[in-house]
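**Student:** Test case, fold it:
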Amino acid sequence: MEIDVRGLSCPEPVLMVMDAMDENPGAQLIVLSDAAHTRDNIVKLAQTEGRPVTVTEKGRNYQIQID
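**Tutor:** Okay, here's the model as predicted:
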């Protein structure tokens with residue numbers, strides 16, 4: 001499942017990812033972000049939930065994979 005949070009302000013991106021994690025337990029999520037602080041907050045959320053997370057920088061954007 002892909003979630004595009006580019007251009008959104010916190011806490012909306014984190015809330016969107018939390019909802020997706022709740023609605024799709026165990027599903028892989030790909031989150032697209034354009035802000036470092038959003039990236040950091042989503043990584044912290046995934047780690048708190050015990051989910052492996054990988055971040056790839058793509059130009060000015062970040063792809064956050066939550067397994």
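**Student:** Quick check, Thr56 in contact with Leu32.
**Tutor:** No - when contacts are counted by C-beta atoms under 8 Å, Thr56 is not listed as touching Leu32 (10.4 Å). All C-beta spots, glycine's among them, are computed from the backbone N, C-alpha and C.
**Student:** who touches both of those two?
**Tutor:** Shared contacts of Thr56 and Leu32, defined by C-beta atoms under 8 Å, 6 or more residues apart in numbering, are found at 62-63.
**Student:** Of the two, which one has the most company?
**Tutor:** Leu32 (15 against 10; other C-beta atoms under 10 Å).
**Student:** And the strands in the protein?
**Tutor:** Under the criterion DSSP state E, the chain contains strands at 2-4, 29-33, 53-58, 61-66.
**Student:** And the last one, what's buried?
**Tutor:** Going by neighbour count (16 or more other C-beta atoms under 10 Å), the buried part of strand 61-66 is 62, 64, 66.
**Student:** and that strand, what does it pack onto?
**Tutor:** On a contact count with 3 or more C-beta pairs under 8 Å, 6 or more residues apart in numbering; DSSP states H and E, strand 61-66 meets strand 29-33, helix 36-48, strand 53-58.
**Student:** Can you lay out those as CSV showing mean pLDDT?
**Tutor:** Output for the helices and strands packed on strand 61-66, formatted as CSV (pLDDT from 0 to 100):
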stretch, mean pLDDT
strand 29-33, 98
helix 36-48, 97
strand 53-58, 96
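**Student:** Among those, single out whichever gets nearest to Pro13.
**Tutor:** With C-beta to C-beta as the criterion, Pro13 lies closest to helix 36-48 of those, at 4.9 Å.
**Student:** Mind listing residues that contact that closest one?
**Tutor:** 5, 8, 10-11, 13-14, 17-18, 21, 31, 33, 52-53, 55, 62, 64, 66.
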